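>>> sharing a model prediction with you, sequence too.
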Amino acid sequence: MDRREFLRWIGVGAGTAAAELGLPLRLLAAADPDQNPLAGSVTRDWERIYREQYKYDRTFDWVCSPNDTHACRVRAYVRNGIVTRLGNTYDYQTYADPYGNRATANWNPRQCAKGYTFHRVLYGPYRLKHPIVRKGWKAWADAGFPELTPELKSKYMFDSRGQDEFIQISWEDAFHDIAKALVAIAERYSGEKGKERLLAQGYQPEMVEATGGAGTRSIKMRGGMGLLGVIGKYGMYRLNNSLALLDASIRRVRPEEARAGRSWSNYTWHGDQAPGHPWVHGLQTSDCDFNDLRFSKLIIMDGKNLVENKLADSHWFIECMERGAKIVVIAPEYGPPSTKADYWIPIRPQTDAALWLGVTRLLIEAKRYDEAFVKAFTDFPLLVRTDTLKRLRAHEVFPGYRTTLAPDGPSMRVQGLTAEQHAKLGDFVIWDERAKAMKAVSRDDVGERVRQKGLAPALEGRFRVKLGC
């Protein structure tokens, strides 16, 4: 059909043109069922690609323990000896402790995006598969760890470590150098000369005296955040304890007199957690169960970033939003939680305590608190001296005072408080409204014990005290 005929066909209409041009209307006819690809059998072999991409030969579970400390149990799917993908176990509701306390299914899923993609790290091109060491440190080790004078610090690049290069060594050399370093430290800081070196380096006399002349006591080890679990904690601490064998060899002391290194927890090493937690709760960072967040109507995030820093727990935060809970974020920066919050309070850094003291004062002045709970479970009733602004101690008021803290009570039996520690802390004093007098209370006098002892603590008042010491 030439161009002229085509334009004529378009102009007169499809039906008229088809009749005039004698074109058959086969395109508008019903398809023959035998020739319809959707009516007969279709080859579906192409679907195997999608079915088999998740096929696996076996699975195994492992514990993901990165720096976030969640220790999620992850299921790895293996095909042809390669971990192809990672997934959740969805069985946290079966977890229980020796007392029968059991988790709920609400804890599922217990994994984050980093855990789902960890196998990419295993097979990644930048994974370190051999030991490396700083070139300057290796030269220092090969020289026998000489004392680092200013000249030697420069020679071995201890004063410009960011400019040094790393070299590859064998595992045997790595283990050998680590062992030599431990021996060198233990020998250098043992005995009276070792104490003199530590004092010259600026360590406190109390710390130096606590070494007992054992250089191994100047070696500090901890279960690293990236080495949580059996290997990270117990493996490191067992290695540290075994240094008592090294001390026995160096100082030639009997096994019972040998001293190992010092084991530090993550919190004592970093110092980034409240040191008061063990004293109050008996545990480090004793927090509420995140399962309780599901039923919260108001969540205030201050010092906790549930989106970035608690990845495996972020689903609680999301579920609260789905239930209509109000979210308040107190943080200097406008971070991911702030974008999801109903209220963002951008305070200045290091002013959290001032903010919450102000909130506490408003609650107290408006009496928006449970008075019975405050009297039984908080330290608000404890008297504070106006001259020193320190808590009033029982031995300061009552001559010849003897504590009622029992050795089998919760403070010593559960929280591990020692008699020496209690002697430093002492007992406290309240004003008993019923007796109109001062009464001594111990750490164990909380909760139901307050009622059992017939105490009626006052929350407000100023009282004149004649000290007995």
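Happy to help now that I have it. Numbers count the residues shown, from 1 in each chain.

>>> ok, residue 259 - how many residues close by?
Residue 259 has 22 neighbours, counted by other Cβ atoms under 10 Å. Every C-beta, even on glycine, is put in place using the N, C-alpha and C of the backbone.

>>> you'd agree it is up against residue 212?
Yes: the pair residue 259 / residue 212 is scored as a contact, 5.9 Å apart, by Cβ atoms under 8 Å.

>>> what are the boundaries of the strands in the chain?
58-64, 72-79, 82-88, 132-134, 166-168, 220-222, 262-264, 298-302, 326-330, 343-345, 428-432, 437-441 (DSSP state E).

>>> for those strands, which one ends up most surrounded?
The highest mean neighbour count among those, using mean count of other Cβ atoms under 10 Å, belongs to strand 428-432: a mean of 22.

>>> so which residues make contact with it?
For strand 428-432, the surrounding residues in contact (Cβ atoms under 8 Å, 6 or more residues apart in numbering) are 379, 381-383, 391-394, 396-397, 437-442, 455-458, 461, 463.

>>> just the CA trace of it, in CSV.
Extracted in CSV, the C-alpha atoms of strand 428-432 (Å, rounded to 0.1, in the frame of the first residue of the first chain):
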residue,chain,number,x,y,z
PHE,A,428,20.5,6.1,106.4
VAL,A,429,18.0,8.2,108.4
ILE,A,430,14.3,9.1,107.8
TRP,A,431,11.8,11.2,109.8
ASP,A,432,9.0,8.9,111.0
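
>>> tell me the mean pLDDT for that strand?
For strand 428-432, the mean per-residue pLDDT is 94.

>>> that strand: how far from the chain's middle?
On the basis of Cα atoms, centre = their mean, to the nearest Å, strand 428-432 sits 38 Å off its chain's mean C-alpha point.

>>> could you do stretch 171-183 as well?
31 Å.

>>> got the contact list for that stretch?
With Cβ under 8 Å, 6+ apart as the test, stretch 171-183 has contacts from 130-131, 133, 138, 141, 145, 169, 219, 243, 246, 250.

>>> try 6 Å
The contact list for stretch 171-183 (Cβ atoms under 6 Å, 6 or more residues apart in numbering) reads 131, 141.

>>> any buried residues in it, and which?
Within stretch 171-183, the residues that count as buried by 16 or more other Cβ atoms under 10 Å are 177, 182-183.

>>> ok, those residues vs residue 404, which is closest?
Using Cβ to Cβ, residue 182 is the member of those that lies nearest residue 404, at 47.4 Å.

>>> model confidence over stretch 261-275, on average?
On average, stretch 261-275 scores 69.

>>> what segments of the stretch 301-450 of the chain are helices?
314-322, 336-340, 352-365, 371-377, 394-397, 410-413, 419-425, 448-452 (DSSP state H, counting those that start in this stretch).

>>> oops, could you answer that again for the stretch 101-250 of the chain instead?
Under DSSP H, counting those that start in this stretch, the stretch 101-250 of the chain gives helices at 113-116, 118-122, 135-142, 150-155, 171-188, 191-200, 205-210, 236-251.

>>> what's the closest of these to residue 98?
helix 236-251 (22.1 Å).

>>> once you drop chain neighbours, what's closest to residue 302?
Spatial nearest neighbour of residue 302, chain neighbours left out: residue 330 (4.1 Å); criterion: Cβ to Cβ, 6 or more residues apart in numbering.

>>> partners of that neighbour in the sheet?
Beta bridges link residue 330 to residue 302, residue 345, judged by DSSP bridges.

>>> no further questions, thank you.
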